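In: structure, please.
(one chain, ligands or ions: 1)
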Amino acid sequence: MNLEDLKTLTASATAEIQSADSADTLEALRVAYLGRKGKLPEIMASLKEVAPEDRPAFGQGANRFKVAVSEALETRKAALGTTAAPAGALDVTRPGDAPPLGGNHPIRQIIARVTEVFDRIGFTVATGPDIDTVFNNFDALNTPADHPSRDPQDTFYLEDGTLMRCHTSPVQVRYMLNNPPPVRIIAPGRAYRRDTPDATHSANFHQVEGLYVAENVSMADLKGDLTYFAREILGPGVKTRFRPHFFPFTEPSVEVDFTCHVCKGKGCRVCKNSGWIEIAGAGMVDPHVFNAVGYDPEAVTGYAFGMGLERIAMILLEIDDIRRLYDNDVRFLRQFA
Ligand code: PHE
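Out: Reported below is the predicted structural model:
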């Protein structure tokens, strides 16, 4: 090593120290330059190879190296000390990490809303299992032995003879078997059918069942309560329409339509130009059902209804395809959270 090398080394060492970004790097540099096995002892050792007449200058150069490196280390250490906390220290000024928050699924939101609306007129929530008996799902609901909905083409049967309930109506049966009248319940939950999935069908969907049984319950109660529900959910301008229909467990039976939320009844693509959207099946509880659960059809009357919750979610949230509700695409779900 000659004097020129020594000057170059001094310059590069101090530059390197000035750009050190942590106390650890700084300490490693101190060891590399000034440590017992570092550059400085190496420089001192090379002194004896320098020509005698050049030794004083080289000696001064070696001293400048030592002073410059020491000063650079001190300066850098002070600078790092004011800008960065020592490793492992708690930085109380650091902004907190916001954990990502989940949200309720649209179906959960609709269930909450429907529950709240019916709660205000005295309905409580009842539940039943997704797997139920043929008795609860069909027999007690006065469904004839040859009714097409009993076909394994339409309903999922399990090996032990039970089934995946194809509507929430078995909850009516369960509730009446276990509670005397009067009854005022809604039962939100899943239902299963052998449907080929498309934009409006799913083999696993949700319904909310309603059941009101007491003395002198009439069709007027059904109309009044479902119209109240329609207005609470879709707004005060909504009209309802009750069309004659057939269900084994209600007599008379109706299908219930609400005026289309998009065109307000004028007719548009969403309602296929009819101005109406079908929302529910309903009717007066058939006396055969009361007999099956041990209620006296001479003493009480009642109404029941069942409606699809996906249908309501799709209307309220303007969702065009039922399958989006089950894809669990967070980009989609986040819009409703
Ligand atoms: N269970 C019927 C269905 O799934 C709906 C319904 C419920 C109809 C209660 C009348 C009374 O289509």
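In: CA only for contacts and neighbour counts going forward, please
Out: Noted.
In: kindly report the residues of the protein close to the ligand.
Out: Residues of the chain lying near the ligand by CA under 6 Å from any ligand atom: 167, 169, 247, 250, 281-283, 304-306.
In: those into JSON lines, with extra columns for neighbour count, distance to residue 240 and pLDDT?
Out: Conversion of the residues of the chain next to the ligand to JSON lines gives the following (neighbours: other CA atoms under 10 Å; distance: CA to CA, whole Å; pLDDT from 0 to 100):
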{"residue": "167", "neighbour count": "23", "distance to residue 240": "23", "pLDDT": "98"}
{"residue": "169", "neighbour count": "26", "distance to residue 240": "22", "pLDDT": "98"}
{"residue": "247", "neighbour count": "18", "distance to residue 240": "20", "pLDDT": "97"}
{"residue": "250", "neighbour count": "24", "distance to residue 240": "19", "pLDDT": "98"}
{"residue": "281", "neighbour count": "22", "distance to residue 240": "13", "pLDDT": "98"}
{"residue": "282", "neighbour count": "32", "distance to residue 240": "13", "pLDDT": "98"}
{"residue": "283", "neighbour count": "27", "distance to residue 240": "15", "pLDDT": "98"}
{"residue": "304", "neighbour count": "24", "distance to residue 240": "16", "pLDDT": "98"}
{"residue": "305", "neighbour count": "25", "distance to residue 240": "14", "pLDDT": "98"}
{"residue": "306", "neighbour count": "23", "distance to residue 240": "15", "pLDDT": "98"}
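In: which of those sit farthest apart?
Out: Farthest apart among these by CA to CA are 167 and 283. That separation is 15.2 Å.
In: which residues of the chain fall in helices?
Out: Assignment of helices within the chain using DSSP state H yields the ranges 3-18, 23-34, 39-46, 55-83, 106-119, 134-137, 170-178, 219-234, 287-293, 309-317, 330-333.
In: show me which positions of the first one end up buried.
Out: Of all the residues in helix 3-18, those buried under the rule 16 or more other CA atoms under 10 Å are 3, 6-7, 10, 13-14, 17-18.
In: tell me the one of these nearest residue 261?
Out: residue 18 (69.7 Å).
In: ok, for that closest one, nearest residue in space, not its chain neighbours?
Out: Closest residue to residue 18 apart from its sequence neighbours, by CA to CA, 6 or more residues apart in numbering: residue 76 at 5.9 Å.
In: again, but for residue 184
Out: Leaving aside its sequence neighbours, residue 184 sits nearest to residue 212 (CA to CA, 6+ apart; 4.5 Å).
In: that neighbour contacts residue 183, correct?
Out: Yes - Residue 212 lies in contact with residue 183 (CA atoms under 8 Å); the separation is 5.4 Å.
In: neighbour-wise, which of those two wins?
Out: Neighbour comparison, residue 212 and residue 183: the larger count goes to residue 212, with 23 against 19 (by other CA atoms under 10 Å).
In: and the more buried one, bridged to which residues?
Out: Taking DSSP bridges as the rule, residue 212 bridges to residue 184, residue 303.
In: which residues touch residue 334?
Out: With contact taken as CA atoms under 8 Å, 6 or more residues apart in numbering, residue 334 is in contact with residue 103.
In: tell me the pLDDT at the nearest residue to residue 293 once chain neighbours are set aside?
Out: Leaving aside its chain neighbours, residue 293 sits nearest to residue 177 (5.1 Å; criterion: CA to CA, 6+ apart). Among the per-residue scores, residue 177 holds a pLDDT of 98.
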